[in-house]
Structure formats: structure tokens, C-alpha cells
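In: what follows is a protein structure lacking sequence information:
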């Protein structure tokens, strides 16, 4: 059994059994990957993949366990490389952050700016997606750190750290009749056409649940993953915008009026996730502390020890 064979197995699984895509990622040939997988299957006396001709169509029952072990081996290989880099290339490296648009646009910039000043030789990548995609990227090792409001706590192999809480506001043009309401209620809000986040993003499912628990069906006329898009359509008079408080800037959004609605909805918590089995380099701890100052390296390691 060779490490290269396990690497091939792991990448084929990551590419949804597409050997061509796996070969492109690994800069090798499709026949080479197929041959090495067949050799491994012959060595262990088990079929890992189901096949239809030369095409992989599924994973066998023992294959599921083998692929899980192969993924753990590759994670530990990556950890060994990180340990080496930590002691030989202290100031260099790569940090990949997976997060939602709202966090990337409104919450991360200050932390990113400070991080790049503190670690000028570390390459920073930011991947955007919905909360489930964010959690999946960290869980499978495509990202080092995930930041989102939902789903991160659903993955057993992720350490989930609560960063901060936030709530919501509505935004409307200056002449909107909603501004004449003495006290905004869920029932009154549901009477207006609503423009808000897609319910898979940024605490959207909590908004949906809050209306449902009150026996109300909001008139959602448009959803988006981008708060700036929501504000654009509010400006056009197409509805009332419901978005995160952090997404409103009094100077930049001077054409809109913000009305706080934190009394209508429970607070949402943004979480930060890292793999429990990942070796965290010093600059990764540094970024975590910039996002959540209550979690310095000692605090993160303490939580990791408890969750191990």
C-alpha cells in the first residue's frame, strides 16, 4: 500500500467519483489513477468502488470505511507538513477562509486588514458560499476556517466556536408608509412585500421560523444572498428590506432609513469552525483571535482538548 494510492482514493471521492477531475487536480493521468486504485483493491482483496465498465458508479460498503480512513491519513499527512512549516517557514503559509457574503462584506474586512498587516507573507484566500457549503468546505479540508451563522455545529468533526451575536433591521426609502407605524410588529411587517436573504443564508431559516411560530406567512417577493442586492431593490421601491444590522451603513446607505427590529427576532450567533484533527499554525490562531478575541490560542486549545 502506497501513500500515493491513498491520495488518489481521497481525491476521487472528493470529486464525486470523477476520475478525470481527480487527475486534473493531482496533475496526473486518468489511466494512472485507475491503475493504482485497481492495484490497491487487489492488494487488500476488496472492491472499493462499484463500476459500470470503466466508470465508477458508487462506493461499496467496505469502500466507505476505507475512504474514511484514507481521508484521515491524508489529513495527518497535511498536519505533518504544517508542523514542518511552522518550525522552518514561520512567517509564510496559506490561510483559506470559507464564509458567507454578509460576513465577508461587513464583518471580516477589519480583521482581514489587521491580519495582512500582522502576517504579510501569508497568502489569504476567501471562499464565499451558503452556510452549509462553508461548513462542508472546512469539514473536507478545502478551507482552514469557516465562519457562518448556521450548519457549522452540525458537523461532528468540526470544533464550533461562538464568535458574536447579531440581529436584524428593516430598510425602506425615506417616504415609505412603514415609517408611520408607531411600533412595528411581526403582523405589520408581514403586511408589506418583503425583500430578504435566501432562507438558506445568514439566519434566514430563523426568520422563517419566527414568522411561522407567530402564525404568519410573510409576503416575500424577492430573496438574495447579497445584502447590497437587497438594498438595491428596496431603493427601487419593490419592497421592505430585512437584513442584518451589520449590513447597514448610515453614510453609504443614506438613501434608506434603518428601523431596528431586534425586538421581533431572536439573536443569531455567528460561529467559527475548524477541524478538530487539524494542526493549527500560529497565524491561524491569530486570525481566530481577531474574529473572536475571547478565543486566544490557549482558549482554543482548551476547547479542542475537551472536544477530543
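Out: All right, it came through fine. Here the structure is a predicted model, which means the values were calculated and not measured.

In: where does residue 223 land in three-state SS?
Out: Following DSSP: H, G, I helix; E, B strand; the rest coil, residue 223 is assigned to strand.

In: ok, for it, nearest residue in space, not its chain neighbours?
Out: Nearest residue to residue 223 in three dimensions, chain neighbours excluded: residue 198, at 4.4 Å (CB to CB, 6 or more residues apart in numbering). In this view, the C-beta of every residue, glycine as well, is placed from N, C-alpha and C.

In: likewise residue 34?
Out: Using CB to CB, 6+ apart, the closest residue to residue 34 is residue 19 (6.1 Å).

In: and the gap between the one you found and residue 1?
Out: As for residue 19, its distance to residue 1 is 19 Å (criterion: CB to CB, to the nearest Å).

In: more neighbours, the two?
Out: Using other CB atoms under 10 Å as the criterion, residue 19 and residue 1 rank with residue 19 on top: 22 against 9.

In: go ahead and flag the most central residue of this protein.
Out: Nearest residue to the geometric centre of the chain (CA atoms, centre = their mean): residue 134, 1.8 Å.

In: can you map out the strands along this protein?
Out: Counting by DSSP state E, the chain has strands at residues 49-52, 55-59, 93-99, 122-128, 145-148, 158-166, 168-173, 193-197, 219-224, 240-244, 256-260, 268-275.

In: okay, those strands in a markdown table with distance to residue 29 next?
Out: Converted to a markdown table, the strands of the chain look like this (distance: least, CB to CB, whole Å):
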| stretch | distance to residue 29 |
| --- | --- |
| strand 49-52 | 18 |
| strand 55-59 | 16 |
| strand 93-99 | 27 |
| strand 122-128 | 28 |
| strand 145-148 | 33 |
| strand 158-166 | 34 |
| strand 168-173 | 52 |
| strand 193-197 | 44 |
| strand 219-224 | 43 |
| strand 240-244 | 48 |
| strand 256-260 | 56 |
| strand 268-275 | 31 |
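
In: need the winner for burial among those.
Out: Ranked by average neighbour count under the criterion mean count of other CB atoms under 10 Å, the strands of the chain are headed by strand 145-148 at a mean of 28.

In: in the stretch 151-300 of the chain, which spans are helices?
Out: Applying DSSP state H, counting those that start in this stretch to the stretch 151-300 of the chain gives helices spanning 186-190, 204-213, 227-235, 282-291, 297-307.

In: rebuild those helices as a markdown table, extending it with mean pLDDT, distance to residue 177 and mean neighbour count.
Out: Listed next are the helices of the stretch 151-300 of the chain as a markdown table, based on pLDDT from 0 to 100; distance: least, CB to CB, whole Å; neighbours: other CB atoms under 10 Å:
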| stretch | mean pLDDT | distance to residue 177 | mean neighbour count |
| --- | --- | --- | --- |
| helix 186-190 | 94 | 10 | 16 |
| helix 204-213 | 84 | 20 | 16 |
| helix 227-235 | 94 | 14 | 19 |
| helix 282-291 | 94 | 39 | 20 |
| helix 297-307 | 85 | 49 | 13 |
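
In: what's the closest of these to residue 173?
Out: Closest to residue 173 of these, according to CB to CB: helix 227-235, at 6.7 Å.

In: which residues touch the closest one?
Out: 101-102, 105-106, 171-173, 195-197, 222, 224, 239-244, 247, 253, 255-256 (CB atoms under 8 Å, 6 or more residues apart in numbering).

In: how about stretch 48-56?
Out: Counting by CB under 8 Å, 6+ apart, 9, 12, 17, 19, 34, 37, 40-41, 57-60, 62-63, 66-67 sit against stretch 48-56.

In: between the two ends of it, how far is it?
Out: End-to-end distance for stretch 48-56: 10 Å, by CA to CA, to the nearest Å.

In: lowest mean pLDDT among the helices and strands, pick that one out for this structure.
Out: The helix or strand of the chain with the poorest confidence is helix 61-88; it has a mean of 81 (mean pLDDT, DSSP states H and E).
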